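Participant: Sequence unavailable; structure follows:
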């Protein structure tokens, strides 16, 4: 239950072992949240398939946890897979970002915290331009993107926002690597505690 506004929000990178957590978060989204995230009222079957395909080498997924349960997620995706271990560091890379927060946990800065983490990850992984596409009636997303001074353009019934990521520093790159190691360790530990995946919660 979302009866406390003082719970600590923990944001970490998700790994393939975390797919069930990401899937179950998507399945908990109500109809409006699904429409805002995907541009339509997506079925449970669609969300299950979507979650299973979000952990490729060109994907970065982050989860926002409250009291140990993931209540929000952010995705950064690029077809160039520039953040795989084998890929050299590059610039001028374009990536798309997407966000989802469960209705009962909105207005608690989860979106802003996830957005900031995506911006940092994009910078440290060589992304220069981040794009977010959302429906024109997604007021929450527009307000959030506006806080980060995204430039908007209108495309039919959608709005596209673009943000230029800052250049990384030696310290930010080191911190990103350290975060990845800690997040991967947490992912493995959580997966062992959960045991075999038996379906959506």
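Facilitator: Yes, it's here. From a predicted model like this one, the values you see are computed outputs, not experimental measurements.

Participant: and the spatially most central residue of the chain, how far is that from residue 63?
Facilitator: For the chain, the residue nearest the mean C-alpha position is residue 74 (1.0 Å; C-alpha atoms, centre = their mean). Separation of residue 74 from residue 63 (C-beta to C-beta, to the nearest Å) stands at 8 Å. Where C-beta positions appear, they are placed from N, C-alpha and C, glycine not excepted.

Participant: likewise residue 32?
Facilitator: Separation of residue 32 from residue 63 (C-beta to C-beta) stands at 21 Å.

Participant: same check, this time on residue 161
Facilitator: Taken as C-beta to C-beta, the span from residue 161 to residue 63 is 22 Å.

Participant: same deal with residue 95?
Facilitator: In this view, residue 95 and residue 63 are 18 Å apart by C-beta to C-beta.

Participant: Looking at those two, which has the bigger crowd around it?
Facilitator: More neighbours surround residue 95 than the other of residue 95 and residue 63, with 26 against 22 (other C-beta atoms under 10 Å).

Participant: bridging residues for the more buried one?
Facilitator: Applying DSSP bridges to residue 95 gives these bridge partners: residue 130.

Participant: ok, now which ones touch it?
Facilitator: Neighbouring residues of residue 95 by C-beta atoms under 8 Å, 6 or more residues apart in numbering: 76, 77, 78, 122, 127, 129, 130, 131.

Participant: Would you tell me which helix is longest in this structure?
Facilitator: helix 170-194 (DSSP state H).

Participant: now that helix: how far from the chain's centre is it?
Facilitator: Per C-alpha atoms, centre = their mean, to the nearest Å, the displacement of helix 170-194 from the mean C-alpha position of its chain is 16 Å.

Participant: Over to stretch 126-143?
Facilitator: Computed by C-alpha atoms, centre = their mean, the separation of stretch 126-143 from the middle of its chain amounts to 12 Å.

Participant: In it, which of the residues would be classed as buried?
Facilitator: Neighbour-count burial for stretch 126-143, counted by 16 or more other C-beta atoms under 10 Å, picks out 126, 127, 128, 130, 132, 133, 134, 135, 138, 141, 142.

Participant: Helices - which of those residues land there?
Facilitator: Short answer: these in helices (DSSP H) are 141, 142.

Participant: Please convert the buried residues of stretch 126-143 to TSV, extending it with distance to residue 106 and pLDDT.
Facilitator: As requested, those are exported to TSV (distance: C-beta to C-beta, whole Å; pLDDT from 0 to 100):
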residue	distance to residue 106	pLDDT
126	31	77
127	26	82
128	30	79
130	22	84
132	17	84
133	20	80
134	15	81
135	16	78
138	12	80
141	11	80
142	14	77
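
Participant: possible to save the buried residues of stretch 126-143 as CSV with distance to residue 117?
Facilitator: Below are the buried residues of stretch 126-143 laid out as CSV (distance: C-beta to C-beta, whole Å):
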residue, distance to residue 117
126, 16
127, 13
128, 18
130, 12
132, 14
133, 20
134, 19
135, 23
138, 20
141, 16
142, 20
